[in-house]
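> I would like the atomic coordinates for the input below:
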Amino acid sequence: MDEASQVSVETGALALSCAKNAIIVGDTMQFPNVVTEEDKKKLDFIANACLIKAEYDCARMSFLQSVCKVIPNVPQTLLREHYRCHPKIINFCNQKFYGGNLVIMTRDKGEKDVIRAIRTAKGNHSRNHLNQWEKTFCKRTSICVI
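Okay, here's the model as predicted:
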């Protein structure tokens with residue numbers, strides 16, 4: 001199972017129920033699966049009604065997080081070579097989250113503006129984890145704000 005950090009617990013469990021063997025690939029430092037507040041309430045109700053253990057918390061954990069809690073001594077390997085992002089972009093993540101342990105395999109070809117910070121005016125832009133201002137800005141400029 002690839003991208004297990006972005007798979008929900010129930011989806012991952014369903015996939016494993018059909019497997020004889022499994023290799024679970026994911027990154028605990030990536031964003032987890034998205035669970036809406038409405039779904040969290042439903043999942044919490046089911047968990048309480050069915051006495052589901054915290055290790056299988058569908059509302060707050062990804063499948064990868066659940067596996068790491070259920071099998072705490074499972075062998076883990078960091079896939080260190082990174083081939084996808086521009087080196088300036090992945091190096092930011094490498095320094096910020098991975099302690100410089102990634103080996104960046106892409107090359108800088110001198111492109112302009114592959115990464116930059118854009119300061120926006122202070123204000124209350126966020127609405128329910130959706131920042132409409134950033135969404136509009138990204139559409140207008142083709143630049144994503146992180």
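
> and Gly26, what pLDDT?
pLDDT recorded at Gly26 is 89.

> isn't it up against Glu3?
Yes. With contact defined as Cβ atoms under 8 Å, Gly26 reaches Glu3; the gap is 6.0 Å. (Glycine included, C-beta is placed from N, CA and C.)

> who has more neighbours, these two?
Neighbours per residue, other Cβ atoms under 10 Å: of Gly26 and Glu3, the larger number sits with Gly26, 21 against 15.

> number of nearby residues for the nearest residue to that one once chain neighbours are set aside?
Sequence neighbours aside, Ala4 is the residue nearest to Gly26 in space, at 3.4 Å (criterion: Cβ to Cβ, 6 or more residues apart in numbering). Per other Cβ under 10 Å, the neighbour tally for Ala4 reads 25.

> any idea how far Ala4 lies from Ala15?
With distances defined as Cβ to Cβ, to the nearest Å, the gap from Ala4 to Ala15 amounts to 10 Å.

> cool, Lys122 as well?
Counting by Cβ to Cβ, the gap between Lys122 and Ala15 amounts to 44 Å.

> if you count what's nearby, which of these two comes out ahead?
Higher neighbour count among Lys122 and Ala15: Ala15, with 15 against 6, using other Cβ under 10 Å.

> which residue, other than its chain neighbours, is closest to that one?
Met1 (6.0 Å).

> in a strand, that's where Lys69 is, yeah?
No. The assignment for Lys69 by DSSP: H, G, I helix; E, B strand; the rest coil gives helix, which leaves it out of any strand.

> got a pLDDT number for the residue lying closest to it once chain neighbours are set aside?
Once flanking residues are discounted, Lys69 sits nearest to Glu55: 4.2 Å by Cβ to Cβ, 6+ apart. For Glu55, the model assigns a pLDDT of 95.
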